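> Structure for this input, please:
(one chain, ligands or ions: 1)
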Amino acid sequence: MRNVERFRDRYAVSGDPALLAAEFDALGTDYSANGYTTPLQAEEIGDWLALGEEDLLLDVGAGCGWPGLYLAKRHGCAVISLEPVPEGMPALRARASVDGCGEQAWPVVADAVAIPLRPKSVDAIVHADVLC
Ligand SMILES: C[S@@+](CC[C@H](N)C(=O)[O-])C[C@H]1O[C@@H](n2cnc3c(N)ncnc32)[C@H](O)[C@@H]1O
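Coordinates of the predicted model:
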């Protein structure tokens with residue numbers, strides 16, 4: 001799976017309380033983020049996309065769910081969190097549950113090279129720190 005292999009070890013420890021505490025100190029959020037996108041930047045993206053409760057958002061390279069889950073909670077939209085590395089999925093599901101967004105959050109383990117969705121089946125797409 002090419003360069004994404006390096007994320008396996010990182011996501012295997014996601015959800016660790018010490019990591020979440022450090023993230024909260026640094027960013028003010030604890031979504032097991034694995035990049036540089038701040039909550040303020042995520043909020044700007046969500047506002048710019050004008051996400052609403054009827055929308056389906058696709059978060060490409062979602063890692064453990066950042067920022068798609070945050071946007072789903074903030075805007076009430078549904079989110080497909082697409083990520084080829086499965087090790088982050090337990091943390092993603094746990095976070096969605098904590099946020100009360102479990103019904104709105106659909107994790108999909110897949111590579112964006114071949115997104116397993118029909119054309120025009122989502123309303124908006126985000127990616128955070130994926131093209132790095
Ligand atoms: C720096 S991490 C950012 C994760 C998350 N968006 C965040 O901000 O916490 C980049 C992510 O992109 C994913 N990624 C890399 N290549 C990808 C591809 N071809 N399709 C989907 N995701 C990919 C990696 O597996 C990794 O989880």
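
> For the closest residue to Asp59 other than its chain neighbours, give its distance to the ligand.
With sequence-adjacent residues excluded and distances taken as CB to CB, 6 or more residues apart in numbering, Asp59 is closest to Gly68, at 2.9 Å. (Each C-beta comes from the backbone N, C-alpha and C, glycine too.) Distance, Gly68 to the ligand, using CB to the nearest ligand atom, to the nearest Å: 8 Å.

> Next one: Gly68, what pLDDT does it get?
pLDDT for Gly68: 98.

> OK, contacts around it?
Leu57, Leu58, Asp59, Ala62, Val79, Ile80, Ser81, Ala105, Val126 (CB atoms under 8 Å, 6 or more residues apart in numbering).

> Show me what the helix or strand hosting the last one pairs with in its sheet, parallel or antiparallel.
Which is Val126. In the assignment (DSSP states H and E), Val126 maps to strand 124-127. Using DSSP bridges, the strands paired with strand 124-127 are strand 56-60 (parallel).

> chain center to the strand it pairs with, what's the gap?
How far strand 56-60 lies from its chain's middle: 8 Å, per CA atoms, centre = their mean, to the nearest Å.
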